[in-house]
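**Q** test case, fold it:
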Amino acid sequence: MTLIIAAKVIWGLGIAAWYVIRHPYARQSRRVATLRQSDRVQERALLACASLGLFIIPLVYVATNAPRFANYPLSPVQAALGTLVFAGALWLFHRAHKDLGKHWSAVLEIREQHTLVRTGVYSRIRHPMYASFWLWAIAQALLLPNFIAGPAGLIGIGLLYFLRIGREEQLMLDTFGDEYRRYMSETKRIVPGVY
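**A** Numbers count the residues shown, from 1 in each chain. Sure thing, here's the model as predicted:
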């Protein structure tokens, strides 16, 4: 098996693991009533941008090797680093879901009996789910040696994150008030102690 095929398989296994991790929480969240939610159309558009960059464009590359003009050689160090970063992304993705439990939602919304989660990875950063997606996008850029498919995830998650994070934190402030303000003063957004 060539290095590029191995990297593509690792990317595909990462996508499968993402689905296996998220599926039970998605099923569970449908059973909890929503009290407040943001604009569904805008949310779906942002999620579509993230999906385009983290799934659709790279899937086209993995399946067809297109666009060929943007391909470049993959180094073993790059592939190994991409594998490690993807493993870290999946671990963080799993922990964030486990710590959130029934409070998880793909869109910005507050659920019935919603409480502010400050335990587990949430004791270190406020948005570990976004952090896991940033790691996934970095892993994709390392694993897929194509100047379009590789960094497409960084663009997709960048759009989602930067167009959504302010609204998400405002929703939390509106819901939890001073409790969330204290939490914000004690934690960083996605990189412990940095940002």
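**Q** now do the biggest helix by length in the chain: which elements does it pack against?
**A** Ordering each helix of the chain by length in residues (DSSP state H) puts helix 3-29 first. Here helix 3-29 touches helix 57-64, helix 76-100, helix 128-143, going by 3 or more CB pairs under 8 Å, 6 or more residues apart in numbering; DSSP states H and E. Glycine gets a C-beta too; all of them are placed from N, C-alpha and C.
**Q** what's the closest of the ones you listed to Gly14?
**A** helix 76-100 (4.7 Å; CB to CB).
**Q** any chance you could list what contacts stretch 44-55?
**A** Contacts to stretch 44-55, defined as CB atoms under 8 Å, 6 or more residues apart in numbering, come from residues 15, 106-107, 133, 136-137, 140, 152-157, 159-160, 163-164.
**Q** next: stretch 17-27.
**A** Identification of contacts with stretch 17-27 by CB under 8 Å, 6+ apart yields Leu90, Phe93, His94, His97, Leu100, Gly101, Trp104, Ala106, Trp136.
**Q** farthest pair within these?
**A** Distance extremes for those: the farthest pair is Gly101 and Trp136 at 21.5 Å, using CB to CB.
**Q** which of the two has more neighbours?
**A** Trp136 (25 against 13; other CB atoms under 10 Å).
**Q** so for the more buried one, what's the pLDDT?
**A** Predicted confidence (pLDDT) for Trp136: 98.
**Q** from Gly53, how far off is it?
**A** Distance check for Trp136 against Gly53: by CB to CB, to the nearest Å, it reads 10 Å.
**Q** with Arg189 instead?
**A** 20 Å.
**Q** please say which of these two ends up with more neighbours.
**A** The neighbour count for Arg189 versus Gly53, taken as other CB under 10 Å, is higher for Gly53 (24 against 17).
**Q** so the more buried one, which state does it fall into?
**A** helix (DSSP: H, G, I helix; E, B strand; the rest coil).
**Q** may I have stretch 174-190 as CSV, with CA atoms only?
**A** Provided in CSV are the C-alpha atoms of stretch 174-190 (Å, rounded to 0.1, in the frame of the first residue of the first chain):
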residue,chain,number,x,y,z
ASP,A,174,-28.3,35.2,27.8
THR,A,175,-29.1,31.9,29.4
PHE,A,176,-26.6,31.5,32.2
GLY,A,177,-25.6,35.2,32.9
ASP,A,178,-23.0,35.7,35.6
GLU,A,179,-22.3,32.0,35.9
TYR,A,180,-21.1,32.0,32.2
ARG,A,181,-19.2,35.3,32.7
ARG,A,182,-17.3,33.6,35.6
TYR,A,183,-16.7,30.6,33.4
MET,A,184,-15.4,32.8,30.6
SER,A,185,-12.9,34.5,33.0
GLU,A,186,-11.6,31.1,34.1
THR,A,187,-11.2,29.4,30.7
LYS,A,188,-10.0,30.1,27.2
ARG,A,189,-12.1,29.3,24.1
ILE,A,190,-10.2,26.5,22.4
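**Q** buried ones in that stretch?
**A** Within stretch 174-190, the residues that qualify as buried are Phe176, Tyr180, Tyr183, Thr187, Arg189, Ile190, counting by 16 or more other CB atoms under 10 Å.
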